[in-house]
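> Sequence first, predicted model second:
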Amino acid sequence: MQQDHISYLLALHRQQDWAAAAAACQLSQAQLKKAVAGVEREYGCALIKTGAVFRGFTVEGEKVVAWAQNLSEALSTLKHVFATSNSRKAIAPLLERRSVSPKRLEAPGPDRQEIDLMIEAALSAPDHGGLHPWRVLVFPADSRAKLADLFEQEKLRRDPLASAEDVKRAREHATRSPALLAFVISPKLRMRVPEREQCLAAGCALGNLLNAAHQLGYGAIMLSGERCFDSLLCTELGVESTEYLAGFISLGSVAVAPPPRKPAMLDAVRAVWGPGVPEPAQRNDCRDSVPSTAITGSQKPH
């Protein structure tokens, strides 16, 4: 029995009428009856009750329809499995991306052309208004020792009693990874695009940059921490008072693979809304009750 014949029998079982079943199969009645007759010859007995009009399936015909339904469902499941597998394969780089800590990175890191390519990928991220409310600071190898000095000074400002080991660790944050960038959120003020949307655009750009690093075969991670809120460090790096030093991006070859990501449940972040669906007991107010450009003192980096 051909696969098309299975669909013909199932259509006839659903419609219980030759004309309607033929139309559903995009055949003439004569073509449908010829196909069913061929199935009956192959099976060796009548499947359809005889008569000028459709009168239903015989007992044997009902058995064949049941088998056809099971087979059709199995084929549908198999097609779905294949489609899902192909879909997951298509976005495997996104599903497999993991942040890789600096201690798991080693040389070589990306060269200037590869870093520019990552930034180019960031520029293709969704961006309402095309404002590019972000920028990237690149730290060449010959600037890392000076950056380590700045990290040490920031650590001692924050903790004057820091141990020598803590100071050493602060300096290593500037020198350990093969390549280091800083990501700065730079909202464009007095624009029609709300600041929160500009921050979303910056986050999309950062995601594209990290994904580009992954696609190029490098490990990457962005780390922030208290130093990003130090006004003197921000000034030394040229970060304006209206900007945010979001963090430092470490890049390099993966020496030790990161541990597998903990499985996350889709239902933790996905909800289906519809009329009459009760609202959560607690939610953040998403209305623009305050200007989108408002920044609290605790949010300002300096």
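Thanks, I have it.
> List the buried residues in whichever helix in the chain runs longest.
Longest helix in the chain by number of residues, with DSSP state H as the criterion: helix 59-90. Using 16 or more other Cβ atoms under 10 Å as the test for burial, helix 59-90 gives Gly61, Val64, Val65, Ala68. (C-beta placed from N, C-alpha, C; glycine too.)
> sec struct for the residue lying closest to Ala162 once chain neighbours are set aside, please.
Using Cβ to Cβ, 6 or more residues apart in numbering and skipping residues adjacent in sequence, the residue nearest Ala162 is Lys155, 5.5 Å away. Recorded secondary structure, Lys155: helix (DSSP: H, G, I helix; E, B strand; the rest coil).
> Give me the distance between Lys155 and Pro187.
Counting by Cβ to Cβ, to the nearest Å, the gap from Lys155 to Pro187 is 28 Å.
> that older thread, moving C-terminal of the longest helix of the chain, what's the next helix or strand?
For helix 59-90, the following helix or strand on the C-terminal side (DSSP states H and E) is helix 92-96.
> Need the mean per-residue confidence for that next one.
What helix 92-96 shows for mean pLDDT is 87.
> Pull the residues that contact that helix.
With contact meaning Cβ atoms under 8 Å, 6 or more residues apart in numbering, helix 92-96 is reached by Arg88, Asn211, His214, Gln215.
> so how far is the strand or helix carrying the third one off the chain centroid?
Think His214. Remark: His214 resides in helix 195-215, with elements defined by DSSP H and E. Helix 195-215 has its C-alpha centroid displaced from the chain centroid by 12 Å (Cα atoms, centre = their mean, to the nearest Å).
> after it, next one along is what?
Note on helix 195-215: by DSSP H and E, the next helix or strand toward the C-terminus is strand 219-223.
> And the spatially most central residue of the chain, how close does it get to Ser124?
Centroid-nearest residue in the chain: Leu94, 5.8 Å away (criterion: Cα atoms, centre = their mean). According to Cβ to Cβ, Leu94 and Ser124 sit 15 Å apart.
> same thing with Gly109?
Relative to Ser124, Gly109 is positioned 23 Å away (Cβ to Cβ).
> For those two, indicate the residue with more neighbours.
In terms of neighbours (other Cβ atoms under 10 Å), Gly109 is the more surrounded of Gly109 and Ser124; the figures are 21 against 11.
> show me where the stretch 151-300 of the chain has helices.
Secondary structure of the stretch 151-300 of the chain (DSSP state H, counting those that start in this stretch): helices at 164-175, 195-215, 231-236.
> Deepest-packed of those helices, please.
A comparison of those by mean neighbour count, using mean count of other Cβ atoms under 10 Å, puts helix 195-215 on top with a mean of 20.
> How far away from the center of its chain is the longest helix of the chain?
Offset of helix 59-90 from its chain centre (Cα atoms, centre = their mean): 29 Å.
> Can you name every helix or strand that that helix contacts?
Packing contacts for helix 59-90, counted by 3 or more Cβ pairs under 8 Å, 6 or more residues apart in numbering; DSSP states H and E, involve helix 3-15, helix 29-43.
> quick one: which of the ones you listed is nearest Leu180?
Each of the helices and strands packed on helix 59-90 has some distance to Leu180 by Cβ to Cβ; the shortest is helix 3-15, at 58.4 Å.
> CA atoms only for that closest one, dumped as PDB, please.
In PDB, the C-alpha atoms belonging to helix 3-15 read as follows (Å, rounded to 0.1, in the frame of the first residue of the first chain):
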ATOM      1  CA  GLN A   3       1.500   6.200   1.600                       C
ATOM      2  CA  ASP A   4      -1.000   8.200  -0.500                       C
ATOM      3  CA  HIS A   5      -3.500   5.400  -0.300                       C
ATOM      4  CA  ILE A   6      -3.400   5.600   3.500                       C
ATOM      5  CA  SER A   7      -4.400   9.200   3.300                       C
ATOM      6  CA  TYR A   8      -7.200   8.400   0.800                       C
ATOM      7  CA  LEU A   9      -8.700   5.800   3.200                       C
ATOM      8  CA  LEU A  10      -8.400   8.100   6.200                       C
ATOM      9  CA  ALA A  11     -10.100  10.900   4.200                       C
ATOM     10  CA  LEU A  12     -12.900   8.600   3.200                       C
ATOM     11  CA  HIS A  13     -13.300   7.500   6.800                       C
ATOM     12  CA  ARG A  14     -13.500  11.100   8.000                       C
ATOM     13  CA  GLN A  15     -15.800  12.300   5.300                       C
END
